[in-house]
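Q: the sequence isn't on hand, but the structure is:
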């Protein structure tokens, strides 16, 4: 139970407001985990946080807007992950293996957020689904830019780099979702090895690929 | 409104029962489309069909069991699709291009079922998610068996064929989901071409691949 107006210890207005916002985000993450944000009402969220519906509107315009904020928050942690992967300019083979173990680590650390994205991507309210699609598309563009700096990809057209990036991101998303569903460490280890093999297969394909100059 | 007991024209008991079963399946497909089966109550389904909850139990033990039946039904149409793709033993390059156009056709013809799978795969009740995972895994095994009959894959280990099949099926699932979300024919055409390119990239990678004999 959280009352913005009745905090027992002295707290600034801004800090109280931020605490309630956080409580709303956490309540939505928890409540939506049983089905999706699409089935979640503003009233349920407010009740869980212990505020009246009017107080909800001080933070978000709607449950959809709250969902979009959770998408933004989830992708902040995914960007941290990408920074971790890029760090130190490692060799290509190392990038492959490290990418997947870093992905698996982040799935564990940010489990609620990853589960939220997996769920809402397919079954969330339209605005939330769209926000997730846009964020994933942004990832693909960034990966395409990264790939274009690798030796050997100069024979690739920009379109083919985008298509390759889409395939890699698709495989990473599927791996994250499978790790979320994995029921024991051995199953997870098999998924990690499978994803590493897949990335190597794709990159070996990439190195043998020549873009069709007609496209 | 459907009353099993009061059909106006003479209808066999079996035909009436089948008609109600169909109405329950269709109601669940429609009602779950707003969020997921996980948020759907037996009462809502019964109300939509126009039967009492007790009558529901003549057909399914629970909403979860109804969801599992919808999974089975959806994959019947996916198997028809695979048969269409395999038909006539075409050349590899043709298989790639035809697979994706056949996939796109089936997404249009069976839109409600594809949307159901996309949604429930990530956000459905546990038994439904599990049933979908099992069906997709069965697809991967079948594809691995198909691939092992292609020339050039004899250097591949069984494990690598499974890993490759998983990647291909993942890309096909992502393509079907993206086609469902596409808002115009031009966007869909780009997705079809992207998927065709991806399959070619993966298969070119496959032909340059040699399994690690240590694994």
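A: Everything's here; your move. None of the values given here were measured: they were computed from a predicted structure. Numbering: from 1, shown residues only, chains lettered A, B, ... in the order given.
Q: which bits of chain A sit near chain B?
A: Residues of chain A lying close to chain B (CB under 8 Å from any CB of the partner chain) are A:34-36, A:38-39, A:118-123, A:129, A:133, A:160, A:163-164, A:166-167, A:170-171, A:173-174, A:177, A:181, A:194, A:197-198, A:201-209. The C-beta positions use only the backbone N, C-alpha and C, and glycine is treated the same way.
Q: neighbours of the closest residue to residue A:98 other than its chain neighbours, how many?
A: The shortest distance from residue A:98 to any non-neighbouring residue, by CB to CB, 6 or more residues apart in numbering or on different chains, is to residue A:85 (6.3 Å). Residue A:85: 18 surrounding residues under other CB atoms under 10 Å in any protein chain shown.
Q: need the contact partners of the host helix or strand of residue A:85.
A: In the assignment (DSSP states H and E), residue A:85 maps to helix A:63-86. Helix A:63-86 is contacted from outside by A:24-25, A:28-29, A:32, A:37, A:40-42, A:45, A:59-60, A:95, A:98-99, A:102-103, A:106, A:109-110, A:113-114, A:116-117, A:120, A:124-128, A:131-132, A:135, A:139, A:142, A:146, using CB atoms under 8 Å, 6 or more residues apart in numbering or on different chains.
Q: coming back round to it: distance check, the residue nearest to residue A:98 against residue A:172.
A: 10 Å (CB to CB, to the nearest Å).
Q: now do the shared contacts for these two.
A: Contacts common to residue A:85 and residue A:172, judged by CB under 8 Å, 6+ apart, are residue A:99.
Q: now the residue of chain A found nearest chain B, nearest residue through space, not along the chain?
A: Closest contact between chain A and chain B, by CB to the nearest CB, is at residue A:205 (2.3 Å). Of all residues not flanking residue A:205 in the chain, residue B:205 sits nearest, at 2.3 Å (CB to CB, 6+ apart).
Q: for that neighbour, list the residues it contacts.
A: A:201-206, A:208.
Q: looking at those, which are in helices?
A: A:201-206 (DSSP state H).
Q: farthest-apart pair in these, please.
A: Spatially, the most separated pair among the ones in helices among the contacts of residue B:205 is A:201 and A:206, at 9.7 Å (CB to CB).
Q: what are the contacting residues of stretch A:138-150?
A: Under CB under 8 Å, 6+ apart, the answer for stretch A:138-150 is A:78, A:82, A:86, A:92, A:153, A:156, A:158, A:161-162, A:164-166, A:168-169, A:206.
Q: buried stuff in that stretch?
A: A:139-140, A:143-144, A:146-147 (16 or more other CB atoms under 10 Å in any protein chain shown).
Q: make JSON lines out of the residues you listed and add pLDDT and secondary structure.
A: Listed next are those as JSON lines, based on pLDDT from 0 to 100; DSSP: H, G, I helix; E, B strand; the rest coil:
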{"residue": "A:139", "pLDDT": "88", "secondary structure": "helix"}
{"residue": "A:140", "pLDDT": "91", "secondary structure": "helix"}
{"residue": "A:143", "pLDDT": "87", "secondary structure": "helix"}
{"residue": "A:144", "pLDDT": "89", "secondary structure": "helix"}
{"residue": "A:146", "pLDDT": "83", "secondary structure": "helix"}
{"residue": "A:147", "pLDDT": "83", "secondary structure": "helix"}
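Q: circling back: for the contacts of stretch A:138-150, pick the one with the most neighbours.
A: The most neighbours of any of those, using other CB under 10 Å, belong to residue A:166, which has 26 neighbours.
Q: domain-wise, how is chain A divided?
A: Listed by automatic domain parsing, the domain ranges of chain A are A:13-56, A:63-207.
Q: helix or strand: which one has the closest residue to residue A:97 other than its chain neighbours?
A: Leaving aside its sequence neighbours, residue A:97 sits nearest to residue A:196 (CB to CB, 6+ apart; 5.4 Å). Using DSSP H and E, residue A:196 sits in helix A:185-207.
Q: please state the offset of that helix from the chain centre?
A: Distance of helix A:185-207 from its chain centroid, counting by CA atoms, centre = their mean, to the nearest Å, is 20 Å.
Q: so which bits of that helix are buried?
A: Result for helix A:185-207 [16+ other CB under 10 Å]: buried residues A:188, A:191-192, A:194-206.
Q: between that helix and helix B:185-207, how big is the angle?
A: 100 degrees (axes from the mean of the first three to the mean of the last three CA atoms, to 10 degrees).
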